[in-house]
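**Student:** Here is a sequence with its predicted model. Questions after.
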Amino acid sequence: MRANLVPGLMATHFVSRAGGVARSFLVLYLTQERGLAATTAGAVLAAVGVGDIGSQLLGGWLGDRIGRRHTMLIGFLGTAVALIALGSATTLPAIGVSALGVGLMAELFRPVASAALADLPPQKRLSAFGRLFWAANVGSTVATVAAGVLVRQGYGLLFWINAAAALVSALIVWRCVPETRPAPSDAPKRALLPVLLRDPVMLAMTAIHVVYFTMFLQVFSTLPLVMADDGVGPGTYAAVLALNGIVIITVQPLTVRLIDGRDTTTALAISMLLAGTGGGLTAVVQGGPAYAAAILVWTLGQIGVSVLFGATFASLAPADLRGRYMGIASTTWSAGAVLAPLLGTALLTNAGRTTLCLTSTTLGVALFTAVRHQGSVQARAAARTSASDRSPSAPVASAH
């Protein structure tokens, strides 16, 4: 049955992302269709973001308690209900509650899908996570194109198509995705927090990835402002984003083969350095070719981190806490998504483009150094463990 796991999850990710057409037009729907002020619409989007953060932790907890498969089914079915409710809500309280529900349900699958892949043997994880990332990005590219066409028929259609995609995703999980949660042991169940607080490597990698996602995602907020300041229209910005998707779809499978079997710590460090450098360049370059070159560097860093992200945290997760560890890992993206637009736009507005460039590049260098240091710490710990296992005082199995 586990042979069906990766193809099943790839199909689920593709369908859910390809059908995810409502969220990218949510602010326009709220302001134009429902007549909300821009600040009120922003608050509704913030409610979705708060739900996103909660969903990562809830998904991880449910994945360990009731299983990966059941949690994904709850998430997709709940997403369909929440989307229909949001598209039908007419009062502000109902819109706010529905938006919170969309955030809380729509991302439940992310940590449990990662936990399901973490349940695979270590040598299969990198390729599996890479294939999942690729399928999700193909789906997102389809959604970007489809949403621009479908929105001409009205915003309401987007919610129904998005809900239908969630139901199809649930059907794929029900028919094609096996349960992978390890069988419960007789050992007492452990709470996450005490284990997490005694795991300095996990805490360090969590902090590193919060900083990385904040640095990386700020480009989505600052680049359109920089390009507008240069007199570049939204069409060029859309073309730059399309380049990002094209590079991911074409280069990511090659990256998995290139990284597999090599020093993943070095690959992760270089990827974060590239993301920081490319993100910095987007703030100071001018002209279409220069924007494209900066986005190319930034995207190469994104690909490397995304390919390694799941396998990195899966290697740190204890078997009985895999779902919750992967939930913590997923919150690093959500935290970055909240911090990035706030800090990026504030830095650009108050300190200027050059400072934004220097800050992003400096963070890239700092993350490179931090990841390399963590790799050295883990290597020394592994060496000490190996030496302890070989010591004369270690128990020796008797031969019969």
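**Tutor:** Thanks, I have the structure now. Numbering: from 1, shown residues only.
**Student:** helices or strands up against the lowest-mean-pLDDT helix or strand in the chain?
**Tutor:** Here the helix or strand of the chain ranked lowest by mean pLDDT, DSSP states H and E is helix 26-28, holding a mean of 78. Packing contacts for helix 26-28, counted by 3 or more C-beta pairs under 8 Å, 6 or more residues apart in numbering; DSSP states H and E, involve helix 38-65. All C-beta spots, glycine's among them, are computed from the backbone N, C-alpha and C.
**Student:** Just the buried positions in the helix it packs on, please.
**Tutor:** Neighbour counts over helix 38-65 (16 or more other C-beta atoms under 10 Å) mark 40-41, 43-45, 47-64 as buried.
**Student:** what mean pLDDT does stretch 277-287 have?
**Tutor:** Regarding stretch 277-287, the rounded mean pLDDT is 91.
**Student:** How far away from the center of its chain is it?
**Tutor:** Its chain's C-alpha centre and that of stretch 277-287 lie 23 Å apart, by C-alpha atoms, centre = their mean, to the nearest Å.
**Student:** now do stretch 250-259
**Tutor:** 18 Å.
**Student:** Could you do stretch 85-95 as well?
**Tutor:** 27 Å.
**Student:** Run through who's touching that stretch.
**Tutor:** 22, 30, 34, 36, 40, 44, 97-99, 101-102, 155-156, 158-160, 163 (C-beta atoms under 8 Å, 6 or more residues apart in numbering).
**Student:** What values do phi and psi take at Thr180?
**Tutor:** Dihedral angles phi and psi of Thr180 (degrees, to the nearest 10) take the values phi -120, psi 0.
**Student:** Please name the residues that touch it.
**Tutor:** Thr180 is in contact with 2, 5, 68, 115-116, 119-120, counting by C-beta under 8 Å, 6+ apart.
**Student:** Looking at it now. What's its pLDDT?
**Tutor:** Confidence score, pLDDT, at Thr180: 89.
**Student:** Look up how far Asn4 lies from it.
**Tutor:** In this view, Thr180 and Asn4 are 11 Å apart by C-beta to C-beta, to the nearest Å.
**Student:** what's the domain layout of the protein?
**Tutor:** 1-179, 191-383 (automatic domain parsing).
**Student:** which stretches of the stretch 201-350 of the chain have low pLDDT?
**Tutor:** 234 (pLDDT under 70).
**Student:** these two touch, right, Thr222 and Gly280?
**Tutor:** No: look at Thr222 against Gly280 with C-beta atoms under 8 Å: they stay out of range, at 10.6 Å.
**Student:** Give the residues shared as contacts by those two.
**Tutor:** The contact sets of Thr222 and Gly280 overlap at Leu356 (C-beta under 8 Å, 6+ apart).
**Student:** So which of those two has more stuff around it?
**Tutor:** Between Thr222 and Gly280, counting by other C-beta atoms under 10 Å, Gly280 is the more crowded of the two (26 against 23).
**Student:** show me what contacts Gly278?
**Tutor:** 294-301.
**Student:** One more: Tyr212?
**Tutor:** Counting by C-beta under 8 Å, 6+ apart, Tyr212 makes contact with 272, 275, 305, 332, 336, 367.
**Student:** Tell me which of those residues fall in strands.
**Tutor:** Among the contacts of Tyr212, no residue falls in strands (DSSP state E).
**Student:** Return the set of buried residues in the longest helix along the chain.
**Tutor:** Longest helix of the chain, by residue count under DSSP state H: helix 353-390. For helix 353-390, a neighbour-count test (16+ other C-beta under 10 Å) marks 353, 356-357, 359-361, 363-364, 366-368, 370-371, 374-375, 378 as buried.
**Student:** Does anything pack onto that helix? Which helices or strands?
**Tutor:** So helix 353-390, by 3+ C-beta pairs under 8 Å, 6+ apart, packs with helix 200-229, helix 264-282, helix 322-351.
**Student:** buried residues in the second one?
**Tutor:** To tie it back to what came earlier, the one meant is helix 264-282. 264-265, 267-282.
**Student:** Repeat that for the last one.
**Tutor:** Buried positions in helix 322-351, judged by neighbour count with 16+ other C-beta under 10 Å: 322-341, 343-344, 347-348.
**Student:** same thing with the first one?
**Tutor:** Judged by neighbour count (16+ other C-beta under 10 Å), helix 200-229 contains these buried residues: 202, 204-206, 208-219, 221-227.
**Student:** next one: stretch 88-101
**Tutor:** For stretch 88-101, the neighbour count (16+ other C-beta under 10 Å) marks 89, 95-101 as buried.
**Student:** circling back: apply the buried test to the contacts of Thr180 and list what passes.
**Tutor:** Buried by 16+ other C-beta under 10 Å: 5, 68, 115-116, 119-120, out of the contacts of Thr180.
**Student:** what's the distance between the closest residue to Met105 other than its chain neighbours and Ala292?
**Tutor:** Nearest residue to Met105 in three dimensions, chain neighbours excluded: Gly78, at 3.5 Å (C-beta to C-beta, 6 or more residues apart in numbering). Look at Gly78 and Ala292: by C-beta to C-beta, they are 40 Å apart.
**Student:** what's Ala82 in contact with, if anything?
**Tutor:** Ala82 makes contact with 98, 101-102, 104-106 under the criterion C-beta under 8 Å, 6+ apart.
**Student:** So Ala267 is in contact with Ser306, correct?
**Tutor:** No: using C-beta under 8 Å, Ala267 is not in contact with Ser306, being 11.8 Å away.
**Student:** Identify each buried residue in the helix or strand hosting the residue nearest to Met105, please.
**Tutor:** In the assignment (DSSP states H and E), Gly78 maps to helix 68-88. By 16+ other C-beta under 10 Å, the buried positions in helix 68-88 come out as 68-87.
**Student:** can you give me the angle it makes with helix 322-351?
**Tutor:** Counting by axes from the mean of the first three to the mean of the last three C-alpha atoms, to 10 degrees, helix 68-88 lies at 40 degrees to helix 322-351.
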